[in-house]
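> this one's sequence-less:
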């Protein structure tokens, strides 16, 4: 059951500050011995955060892996980068393609509400100043609020620490 959702609102609309902020947040959670799942829209998005996690800090090390399907999570890896499946074209129910990885924190870098978000004690939503991402972030905020989840909002500058 989700205890709290934190929205981190960034000033920049550029992708790099958003991903750099995500890396600092992930590292902070990892250093607190938390297991983290990072949800991305596409494999290329997951690869971008994967690359940045290796290079964002000269002295940083965050063990992570891309977990693209149900069979790929490695329980020994504390940070899993997952991919949100595309919305179903039909109304027929389908099996979930998103791996459900046990973790303490879900970091949502996708544009949509991730499947199974309620299974994680904490959720972090990172919303930058891109007009479309801001609008979709507001929609997710309203959904969480309507579900009576505790919400925290944090205004961050582009270079603000996590």
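All right, it came through fine. The model shown is predicted, which means the values in this text are computed figures rather than measured ones.
> show me where pLDDT drops low in this structure?
The chain contains residues with pLDDT under 70 at 69-73, 85-100, 158-162.
> quick one, strands of it?
The residue ranges that make up the strands of the chain, judged by DSSP state E, are 4-10, 36-40, 64-67, 79-83, 105-108, 122-127, 151-156.
> Parallel or antiparallel, list what pairs with the fifth one.
Yep, that's strand 105-108 we're talking about. Applying DSSP bridges to the sheet, strand 105-108 is found paired with strand 36-40 (parallel), strand 122-127 (parallel).
> How about the fourth one?
Applying DSSP bridges, strand 79-83 is found paired with strand 36-40 (parallel), strand 64-67 (parallel).
> who wins for proximity to residue 112 among those?
Counting by Cβ to Cβ, residue 112 lies closest to strand 36-40 out of the strands paired with strand 79-83; the figure is 8.9 Å. C-beta coordinates here come from the backbone N, C-alpha and C atoms, glycine included.
> in the closest one, what counts as buried?
Neighbour-count burial for strand 36-40, counted by 16 or more other Cβ atoms under 10 Å, picks out 36, 37, 38, 39, 40.
> Make CSV out of the strands of the chain and add distance to residue 20.
As requested, these are exported to CSV (distance: least, Cβ to Cβ, whole Å):
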stretch, distance to residue 20
strand 4-10, 10
strand 36-40, 14
strand 64-67, 15
strand 79-83, 16
strand 105-108, 13
strand 122-127, 10
strand 151-156, 11
